[in-house]
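**Student:** Just to be clear, the model below is a prediction. Sequence and coordinates:
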Amino acid sequence: MARHHTKTLQQRQTEQRLSDDKDRAVVEEMASRFSCSTGVANDFASQCETRIEDLDFDLICSDLALGFWSDPPEAARPVVEVLRELEAERRRHLAALTQLRERLLELTKGAPAHHHLTLPNRALPGSGPRSALPRPEAAAGPEFRAFR
């Protein structure tokens, strides 16, 4: 039977420092990208692309499900109507994201839109790697907060 090993104070401090260093590196990398207009435009265009890929798959699933329910019985019609609304909303969202992605990418091609912000070299009081990133439970909707 394995014995429970209690970490020493030094081990816990080392792990905390490594975790803080990793968080700081993530924040610094994000600040570097987000302080450059081209970098932030490319990053958000990439985020659009990820959502577009997800929506493409969702639309394939919607088409398949609606194909099964092309002639629904009366009792199932409300469900099918909502599925059709959801499909239409996904198509609208896909079109909007596609258009925004293209606009962002177009802005990265020319020098006129390229600009770098000057960021402070020191952290503001009370800010640090942990406060710079949103807490997952704060970002989650109420339906997911119960799973923390």
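**Tutor:** In hand now; what should we look at?
**Student:** I'd like the distance from the residue lying closest to Ser35 once chain neighbours are set aside to Asn42, if you could.
**Tutor:** Among residues not flanking Ser35 along the chain, Leu117 sits closest, at 4.2 Å (Cβ to Cβ, 6 or more residues apart in numbering). Using the backbone N, CA and C atoms, a C-beta is placed for each residue, glycine as well. Distance, Leu117 to Asn42, using Cβ to Cβ, to the nearest Å: 16 Å.
**Student:** same deal with Arg84?
**Tutor:** Counting by Cβ to Cβ, the gap from Arg84 to Asn42 is 36 Å.
**Student:** Leu105 now?
**Tutor:** Distance of Leu105 to Asn42, computed by Cβ to Cβ: 8 Å.
**Student:** Same check on His114?
**Tutor:** His114 is 11 Å from Asn42, by Cβ to Cβ.
**Student:** again with His5
**Tutor:** Taken as Cβ to Cβ, the span from His5 to Asn42 is 45 Å.
**Student:** One more: Glu28?
**Tutor:** Counting by Cβ to Cβ - Glu28 and Asn42 are separated by 18 Å.
**Student:** repeat for Val26
**Tutor:** 18 Å.
**Student:** repeat for Met30
**Tutor:** Separation of Met30 from Asn42 (Cβ to Cβ): 13 Å.
**Student:** Give me the number of neighbouring residues for Asp58.
**Tutor:** 15 (other Cβ atoms under 10 Å).
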